[in-house]
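A.B. asks: Please find the sequence and the predicted model below.
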Amino acid sequence: MKKSILLIFILSFTLSTYSQNLSVPKFGIKFGTNYTNFNFHQYNYIFLGTSEISPGKAKPESTSNFGVQGGFFVDFKLNANWYYIPYVNYSQFSTNTKINRTFDIDTIRTKGVENNEYIIEYISLDNNFKWKFNDRMSIYLGPSIKYAISNELNKTVVNSPNGLDEDYSGEIIGFNEIDGGIIFGTSLFITEHIDIDLNMYIGLLEVESNDDGYNRAIQSSSFSIGYTF
């Protein structure tokens, strides 16, 4: 995890430094919404089996929730088609998970359900390399690094044995404040200054450092409207 954080930080710093030698930039703002869920490494082919499925652990369900996002960007022109666009933004990610659990108390085995609601707020730096097909349409790809400014977990456990209270509301235990991943998307300019942006973020780092048999990473789709001055 530390190597991944260092790699993303170095790449972000290099791109930001390089941009200082580019053409006169344009500035803009962007606002929109995120639609977020969790990738569980053990059950997602994207992570190529980097985490093994824990014996006796049920496959979790993750439900996407909406959150807001917005910030400002700088548009540096590299050549006729390539642009470098760092985007600093506030992003809210929210998702619900459901895990079927088995409780073994003495000689009695019971089944229960654990429901979790995660709400995380980040300040993000997205380093986007954009390729413009024409004056209207473009695609982009780049690394993103995020620093959490708040986090919240609301957990309820249904059918826990012997009246055991496992409900919890507060900060995420073992939470990792730094997140990093890859962002890719497309932009469509509807006027000279206004564009519609669609993208996807795939987190490469774990949200929690808990040894509970699950490896959670953020996956988020985003829709936003931008204005270039």
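C.D. replies: Structure received. Numbers count the residues shown, from 1 in each chain.
A.B. asks: Can you show me the helices along this structure?
C.D. replies: Ranges of helices within the chain are 2-18, based on DSSP state H.
A.B. asks: Low-confidence stretches in this structure?
C.D. replies: 1-23, 42, 44-56, 104-109, 160-164 (pLDDT under 70).
A.B. asks: 50 instead?
C.D. replies: 19 (pLDDT under 50).
A.B. asks: Count the residues that sit near the residue nearest to E171 when sequence neighbours are not counted.
C.D. replies: Of all residues not flanking E171 in the chain, N151 sits nearest, at 5.7 Å (CB to CB, 6 or more residues apart in numbering). Backbone N, C-alpha and C define where each C-beta goes, glycine included. A count of nearby residues for N151, using other CB atoms under 10 Å, gives 19.
A.B. asks: which residues sit in contact with N151?
C.D. replies: Under the criterion of CB atoms under 8 Å, 6 or more residues apart in numbering, the neighbours of N151 are Y118, I119, I120, E121, E171, I172, F175.
A.B. asks: try 10 Å
C.D. replies: Taking CB atoms under 10 Å, 6 or more residues apart in numbering as the criterion, N151 is in contact with 93, 118-122, 170-172, 175-177, 207-208.
A.B. asks: again with F93
C.D. replies: Contacts for F93 (CB under 10 Å, 6+ apart) come out as 34-38, 64-67, 69, 118-122, 146, 148, 151, 179, 201, 203, 207, 218-220.
A.B. asks: if we go to 8 Å?
C.D. replies: So F93 contacts N34, T36, G67, Y118, I119, I120, E121, Y122, I218, S220 (CB under 8 Å, 6+ apart).
A.B. asks: Now flag whichever of the residues you listed is closest to F229.
C.D. replies: N34 (24.3 Å; CB to CB).
A.B. asks: Just to check, that closest one is in contact with S91?
C.D. replies: Yes - between N34 and S91 a contact is recorded at 6.0 Å, counting by CB atoms under 8 Å.
A.B. asks: Could you tell me which residues touch both of those two?
C.D. replies: G67, V68, Q69, S220.
A.B. asks: The second one reaches Q92, doesn't it?
C.D. replies: By that I understand V68. Yes - taking contacts as CB under 8 Å, V68 lies within contact range of Q92: 5.2 Å.
A.B. asks: For the residue nearest to E171, list each beta-bridge partner.
C.D. replies: Residues in a beta bridge with N151, per DSSP bridges, are I120.
A.B. asks: quick one on the thing from earlier: for the contacts of F93, which one is nearest N81?
C.D. replies: So of the contacts of F93, ranked by how close each gets to N81 (CB to CB), first place is S220, at 27.5 Å.
A.B. asks: Contacts only, for the closest one.
C.D. replies: N34, Y35, T36, N37, S91, F93, M200, Y201.
A.B. asks: since we're on the residue nearest to the fifth one when sequence neighbours are not counted, how many residues are nearby?
C.D. replies: Leaving out its chain neighbours, the residue that sits closest to S91 by CB to CB, 6+ apart is Q69, at 4.2 Å. A count of nearby residues for Q69, using other CB under 10 Å, gives 21.
A.B. asks: go on, V88?
C.D. replies: 12.
A.B. asks: Kindly report the same for S64.
C.D. replies: 17.
A.B. asks: Quick check: it touching F38?
C.D. replies: No - judged on CB under 8 Å, S64 makes no contact with F38 at a distance of 9.3 Å.
A.B. asks: anything in contact with each of those two?
C.D. replies: T95.
A.B. asks: what's the nearest residue to S138 once chain neighbours are set aside in contact with, if anything?
C.D. replies: Counting by CB to CB, 6+ apart, S138 lies nearest to K132, which is 4.3 Å off, once chain neighbours are set aside. When contacts are counted by CB under 8 Å, 6+ apart, K132 touches N81, W82, Y83, S138.
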